[in-house]
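> Dropping the sequence and predicted coords here.
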Amino acid sequence: MNETRHAGYVIETRGLTKRYGKKIAIDHLDLAIESGSIHAIVGANGAGKSTLFRVLLGFLPATSGEARILGRDSRRLTPSDRERIGFVNEEHTLQGWMTVAAVTAMQRRQYPRWSQPAFDEVIGHYNVQVGQKVSQLSRGERAGFNLALSLAQRPELLVLDEPTLGLDVVAKRAFLETLLHSNAVEGCTVIYCSHQMEEVERVADNLIIMERGALRNVSPPDDFRSRVSHWIADIPFRGPDPRTIPGLLDAQRIDGIHHYLVLDQGEEFAEFLHACGARDVHRLPVSLDRAVNSFLSKQHAAPVAA
Ligand SMILES: Nc1ncnc2c1ncn2[C@@H]1O[C@H](COP(=O)(O)OP(=O)(O)OP(=O)(O)O)[C@@H](O)[C@H]1O
């Protein structure tokens, strides 16, 4: 069914750069995403995630470098290449004046691999009636309808750009359940961009972190999480100068106890704390949310207190 599935990467960029005037949105990016599973791309606002999707999908030209999607040059995607790719973005842009039935019929004609069972299965999670106009659907229903249309296309690659933005907890859950458990997703590589780490933790097999247009991490989410540790130290008086603390992401003093979030530090960090006068030292694991957010905030952080 999927001829690129064993042929390596669904997405490959080399030296990919995109500038908007003087602003660099993507900075010499070398990225290779293997086929299969769910890949999450995370990064602070303005990290370049949406720009990357737009370039990969051929909606925007790159300034320099190469971008390939499903083995094809992004600049030269044909209609039949596009049939192999589903795209859902936060705006859920569909013709508001058309009915659900009319949009569905149009898509069915457009996509030769259209699967009615896949459409019915996904839309079944939402209270959408075929006679409703798209503009009359709630935001969550529109997101579900969009997902159903994309999956009915039977794409080899599904690109989701913040698909659950603005949805309530119930709609989010329905969306994620579909992504995780629907038969329609089987065999499809999913690339998912979100700021919501609890979602990423739930669905992603691979965590890609972007920062200012560059790649900072590609690994299973748990591997990244375990690179960040939380240390609690009972140090009388002032703690060490933050500039001397190896791998420091965040420091706080709560009720006289020092808390440090650090990156890539092993047991030698305990020795460092003891050498700084700590009497008692404990190491705690952190959530993915905390690990990613402290990593991303580091760039923007004000000097941390001693
Ligand atoms: N059309 C444009 N003209 C000028 N600058 C742009 C344009 N689109 C994006 N940018 C800039 O490019 C950078 C990357 O933007 P992009 O939308 O790709 O980031 P993002 O990671 O998707 O952000 P967010 O999480 O906020 O959606 C930002 O600094 C943004 O200001």
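Thanks, I have the structure now.
> C-alpha only now, for contacts and for neighbours.
Will do.
> Tell me which stretches of the protein form strands.
Assigned by DSSP state E, the chain shows strands spanning 9-20, 23-34, 38-42, 64-69, 72-73, 85-89, 157-161, 189-193, 206-211, 214-219, 228-234, 248-254, 257-263, 280-284.
> Now do the buried residues in the fourth one.
I take that to be strand 64-69. Using 16 or more other Cα atoms under 10 Å as the test for burial, strand 64-69 gives 66-69.
> quick revisit: which stretch in the strands of the chain is the model least sure about?
Among those, strand 85-89 carries the lowest mean pLDDT, a mean of 87.
> Report the residue spans of the chain with pLDDT below the cut-off.
1-7, 90-92, 299-306 (pLDDT under 70).
> can you map out the helices along it?
Applying DSSP state H to the chain gives helices spanning 49-56, 79-83, 100-110, 116-123, 139-152, 169-181, 197-203, 221-227, 268-275, 288-297.
> Which stretch among the ones you listed is buried most, on average?
Among these, helix 139-152 has the highest mean neighbour count (mean count of other Cα atoms under 10 Å), at a mean of 25.
> Need the contact partners of it.
Contact with helix 139-152 is made by 86-88, 90, 92, 94, 104, 107, 113-123, 125-128, 134, 158, 163-164, 166-168, 171-172, 175, 184-185, as judged by Cα atoms under 8 Å, 6 or more residues apart in numbering.
> Looking at the buried residues of strand 64-69, which one is closest to residue 45?
residue 67 (22.2 Å; Cα to Cα).
> what is that closest one paired to in the beta sheet?
Beta-bridge pairing of residue 67, defined through DSSP bridges, involves residue 13.
> contacting residues for it?
11-14, 16, 55-56, 73-75.
> Now the buried members of the residues you listed.
11-13, 16, 55-56, 73-75.
> do you know how far residue 68 is from the ligand?
18 Å (Cα to the nearest ligand atom, to the nearest Å).
> now swap in residue 145 and tell me
Residue 145 is 22 Å from the ligand, by Cα to the nearest ligand atom.
> What of residue 113?
From residue 113 to the ligand the distance is 30 Å (Cα to the nearest ligand atom).
> For that residue, the count of nearby residues, please.
For residue 113, the tally of surrounding residues (other Cα atoms under 10 Å) stands at 14.
> surely it meets residue 156?
No - counting by Cα atoms under 8 Å, residue 113 sits too far from residue 156 to count as a contact (11.0 Å).
> give me every residue that touches the nearest residue to residue 264 once chain neighbours are set aside.
Distance criterion Cα to Cα, 6 or more residues apart in numbering; nearest residue to residue 264, sequence neighbours excluded, is residue 227 at 5.0 Å. Contacts for residue 227 (Cα under 8 Å, 6+ apart) come out as 263-265.
> Kindly indicate the member of the residues you listed with the most neighbours.
Busiest of the contacts of residue 227 [other Cα under 10 Å] is residue 263, holding 21 neighbours.
> quick one: contacts for it?
Contacts of residue 263 (Cα under 8 Å, 6+ apart): 227-229, 247-249.
> Show me the beta-bridge partners of it.
residue 228.
> how close does it get to residue 40?
From residue 263 across to residue 40, the span is 21 Å (Cα to Cα, to the nearest Å).
> next one: residue 57
For residue 57 relative to residue 40 (Cα to Cα), the value is 17 Å.
> So the two - more neighbours on which side?
Neighbours per residue, other Cα under 10 Å: of residue 57 and residue 40, the larger number sits with residue 40, 26 against 22.
> OK, contacts around the more buried one?
191-194, 200, 204-208.
> My guess is residue 239 contacts residue 276. True?
Yes - using Cα under 8 Å, residue 239 is in contact with residue 276, at 7.2 Å.
> okay, these two: which has more neighbours?
residue 239 (21 against 16).
> Tell me, domain by domain, which residues of the chain belong where.
The chain resolves into domains spanning 9-217, 224-300 when parsed by automatic domain parsing.
> Compile the strands of the chain into TSV and extend it with columns for distance to residue 145.
As requested, these are exported to TSV (distance: least, Cα to Cα, whole Å):
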stretch	distance to residue 145
strand 9-20	25
strand 23-34	27
strand 38-42	20
strand 64-69	25
strand 72-73	28
strand 85-89	10
strand 157-161	14
strand 189-193	17
strand 206-211	26
strand 214-219	31
strand 228-234	38
strand 248-254	41
strand 257-263	41
strand 280-284	42
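> so which of the contacts of residue 67 comes closest to the ligand?
residue 55 (9.8 Å; Cα to the nearest ligand atom).
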